[in-house]
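Participant: When you get a sec, could you give me coordinates for this:
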Amino acid sequence: MKTKIALLSIVLMFVTALPIKAGGKDNLQKYFSNTAAKVKATENPVEKRQILNASFKDMTYALDKVQNFGLLSDNDRADLARLKSIVQDKQDELEGINGYEKVSDSQLNNFSNYVVQSMEQADQTVTISLVAALLIVILIVLIV
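Facilitator: Below you'll find the predicted structure:
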């Protein structure tokens, strides 16, 4: 039993050191792409705002939980904090707080596309481990 735990620990250490190439970040992008699709499929601007707001809150919650996960490196924690900041900025812009002008009802579809593009660009500057990305995805799936 101790051998299995030691082997699992070693495997997890190597996995946490691997940057994500496709799997985890693609899933995060899919999450925001699915949110954008839901926004576009909805006619009511109030519901569009609720969908976007819920998406941002769920992602923030997942990022908070993953940041507190003990196996993550300091670099992962810093990158997750940057990603969380990006998500928070988008939520602030949606709501028109913290110096942002509120997104108008007529621009909500465009804003949802902008969020997807912004998250794709964040992938180029934020590198998180596979374990961190998978934890985020798992938490998002459990929340939704």
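Participant: so where's this structure shaky on pLDDT?
Facilitator: Within the chain, the ranges that satisfy pLDDT under 70 run 1-27, 123-137, 139-144.
Participant: Let's see that with 80 instead.
Facilitator: For the chain, residues meeting the criterion pLDDT under 80 lie at 1-29, 69-73, 76, 120-144.
Participant: Show me where it has its strands.
Facilitator: Ranges of strands in the chain, per DSSP state E: none exist.
Participant: which residues of it fall in helices?
Facilitator: 2-17, 23-41, 45-67, 74-95, 108-125, 130-143 (DSSP state H).
Participant: what packs against the third one?
Facilitator: Of the remaining helices and strands, those touching helix 45-67 by 3 or more CB pairs under 8 Å, 6 or more residues apart in numbering; DSSP states H and E are helix 23-41, helix 74-95, helix 108-125, helix 130-143. From N, CA and C alone the C-beta is placed, and that goes for glycine too.
Participant: Please produce JSON lines containing those, extended by mean neighbour count and distance to Asn68.
Facilitator: JSON lines is the format used below for the helices and strands packed on helix 45-67 (neighbours: other CB atoms under 10 Å; distance: least, CB to CB, whole Å):
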{"stretch": "helix 23-41", "mean neighbour count": "18", "distance to Asn68": "18"}
{"stretch": "helix 74-95", "mean neighbour count": "17", "distance to Asn68": "9"}
{"stretch": "helix 108-125", "mean neighbour count": "16", "distance to Asn68": "21"}
{"stretch": "helix 130-143", "mean neighbour count": "18", "distance to Asn68": "10"}
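Participant: okay if I get these as TSV plus distance to Asp58?
Facilitator: As requested, the helices and strands packed on helix 45-67 are exported to TSV (distance: least, CB to CB, whole Å):
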stretch	distance to Asp58
helix 23-41	9
helix 74-95	10
helix 108-125	13
helix 130-143	5
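Participant: Looking at those, which is nearest to Ala62?
Facilitator: helix 130-143 (3.8 Å; CB to CB).
Participant: residues touching Gln107, list them.
Facilitator: For Gln107, the contact set (CB atoms under 8 Å, 6 or more residues apart in numbering) is empty.
Participant: what about it, distance to Leu94?
Facilitator: Distance, Gln107 to Leu94, by CB to CB, to the nearest Å: 10 Å.
Participant: what sits in contact with each of these two?
Facilitator: Here Gln107 and Leu94 share no contacting residue, scored by CB under 8 Å, 6+ apart.
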